[in-house]
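Chemist: would you be able to build a 3D model of this:
(chains A and B)
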Amino acid sequence: MLKLKEIHTFYGNIQALKGVSLEIEQGEIITLIGSNGAGKTTTLMSVCGLTPPRSGEILFKGQPIHTLSADKIVALGISQIPEGRRIFPEFTVKENLEMGAYLRNDKLEIRKDLEYMFNLFPILKERQSQRGGSLSGGEQQMLAISRALMARPELLLLDEPSLGLAPIIVRQIFDIIKKINQEQKTTIFLVEQNANLALKVAHRGYVMENGQITLVDSASNLLNDESVKKIYLGA
Amino acid sequence: MDYFLELFLGGLTRGSIYALIALGYTMVYGVLGLINFAHGEVYMIGAFVGLIVSGFLTVLGWPILAIVVIATMMAMLFAGAYGFTIEKVAYQPLRHAPRLSPLISAIGMSIFLQNYVLLAQSSDFQAFPQLVPEFEFLEPYSHIILSTELVIILAAVVTLIALFLLIKFTKIGKAMRAISQDRQMAMLLGVNVDNVISATFIIGSALAGLGGILVASHVGQINFYIGFIAGIKAFTAAVLGGIGSIPGAALGGLILGWTESFATGYVSSDYEDVFAFGLLVFILVFRPAGILGKVSSEKV
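Modeler: Modelled structure (predicted):
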């Protein structure tokens, strides 16, 4: 479904990605793990068109997208939940969700999806007319996930959904991620520092170091890999 | 009492004009975080387009109502086109440059446009026809308010309401508000930021063009320099009310208009600017973000 071929991405003169290649099949959850500054977020931003690669190719369903602008890429069915959640603080919860459906015009279906999100996260229904900036971190993460789903993406990019959240909320969020993958058949590309958790929900995993992919395997194999255990699982 | 009323309505008229122009500053600041210093020049160009079109149609012998409507529409259209072009030429290439660069580019644009009109139209003041006819029902009150003033106030009110509805309820309005909060996130949700920014410049500039033709018809003369002074005043109004806030622009405009009007009427016209800018300093000391400006707190 998504294919990255040897992409090189730069911030000014600093090279963040040095020939990254990876592939996601339809319906999969894959995870990209690695330490701070390895280039995980840059990989997602390159897919979304916010930091387009200087060389290499990105194909979505066979179509090259690395030359498209961010809004065109969203229109093709790729949504991102960026690091730090990036809720619009001045908008109400409901306005944030509506913003997620910005490119859609089917009002009836949008209303249906809104109900679906409120079922998924009942707390959002309670707080629908509250300002986004007033929500707690966990609630904001739920809102960020729902907002991305409002676009009805085929591919969902998630950047560090566990960051700064209490363990019980993190578990809830990961359950939902699994549920979205199973019920909506949404393909998921998950970037995480919490490797243990990420490898438990994912089908396959990529390990990244210094802007390069160093390891690819099934999630269960990576969980048992000695070097992964030592560096990322803290065992 | 009549004197007070006259000053009050005079201030309301001035304030409405400041508000109309301040909207452009505040909208652009909202989406781009940039002060468009060429905005006053767009207002001046609107006035000149009004002069040229109304002069042309008068020579052709068109009825006054048609002249007013067409001249106003052309002024807004041209102003909008100028705003669009200014953004494309002077700001868009600098979107990712350090913040100081577009500011310098804005000042350059302002000076360029002034001189361009100076060369084309000379530096002399040119008489501007009174476009608004005297309303009969206002005759008994003509010592308090003129027809043109009434039209200016009404135009400002209608524009403000329309703009408020646009920002609050339409898709493009929502996109503008989203961009002002988090531009990257808006892009990640599919907002075409370039288009929204263009729309913002077109709308804000068209309002400045409307302001230009209204004031010109009220004052009766224009030259290439009127945009600079009006621009500074409207910018002051925008900052006073809280830049980035649309109700703030309206409120700032009115407060500034009344301050000037009463200072002129009760003290001396020499002190008009002293009071206006004194008030700005005074308010900013107590509310650094302006009257309605937000110092927002966010959870992280």
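
Chemist: switch to C-alpha atoms for all contacts and neighbour counts from now on
Modeler: Fine.

Chemist: quick one: stretch B:102-110 to chain centroid distance?
Modeler: Stretch B:102-110 has its C-alpha centroid displaced from the chain centroid by 18 Å (CA atoms, centre = their mean, to the nearest Å).

Chemist: list the buried residues in it.
Modeler: B:Pro102, B:Leu103, B:Ser105, B:Ala106, B:Ile107, B:Met109, B:Ser110 (16 or more other CA atoms under 10 Å in any protein chain shown).

Chemist: closest to chain A among those?
Modeler: Using CA to the nearest CA, B:Pro102 comes nearest to chain A of the buried residues of stretch B:102-110, at 19.8 Å.

Chemist: what ranges do the strands span in chain A?
Modeler: Assigned by DSSP state E, chain A shows strands spanning A:2-11, A:14-24, A:29-34, A:55-60, A:63-64, A:78-81, A:155-159, A:187-192, A:204-209, A:212-218.

Chemist: which strands and helices sit next to the first one?
Modeler: Looking back up the chat, that one is strand A:2-11. For strand A:2-11, the elements it packs on are strand A:14-24, strand A:55-60, judged by 3 or more CA pairs under 8 Å, 6 or more residues apart in numbering or on different chains; DSSP states H and E.

Chemist: and the last one with strand A:14-24, angle?
Modeler: Read that as strand A:55-60. Angle, strand A:55-60 to strand A:14-24, by axes from the mean of the first three to the mean of the last three CA atoms, to 10 degrees: 30 degrees.

Chemist: and the angle from strand A:55-60 to strand A:2-11?
Modeler: Going by the same axes, to 10 degrees, strand A:55-60 is angled at 140 degrees with respect to strand A:2-11.

Chemist: what about the residue in chain A that chain B sits nearest to, neighbour count?
Modeler: In chain A, the residue that lies nearest chain B is A:Asp71 (3.9 Å; CA to the nearest CA). By the criterion of other CA atoms under 10 Å in any protein chain shown, A:Asp71 has 21 neighbours.

Chemist: over to B:Leu119?
Modeler: Per other CA under 10 Å, the neighbour tally for B:Leu119 reads 11.

Chemist: tell me the SS of it?
Modeler: What DSSP: H, G, I helix; E, B strand; the rest coil gives for B:Leu119 is helix.

Chemist: tell me the spacing between it and chain A.
Modeler: Using CA to the nearest CA, to the nearest Å, one gets 41 Å for the distance from B:Leu119 to chain A.

Chemist: do B:Ser122 as well
Modeler: From B:Ser122 over to chain A the distance is 45 Å, taken as CA to the nearest CA.

Chemist: quick one: pLDDT of that residue?
Modeler: The model reports B:Ser122 with a pLDDT of 89.

Chemist: and for it, the neighbour number?
Modeler: B:Ser122, neighbours per other CA under 10 Å, totals 13.

Chemist: now tabulate the helices and strands packed on strand A:2-11 in CSV and tack on mean pLDDT and mean neighbour count.
Modeler: What follows is the helices and strands packed on strand A:2-11, written out as CSV (pLDDT from 0 to 100; neighbours: other CA atoms under 10 Å in any protein chain shown):
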stretch, mean pLDDT, mean neighbour count
strand A:14-24, 94, 17
strand A:55-60, 95, 18
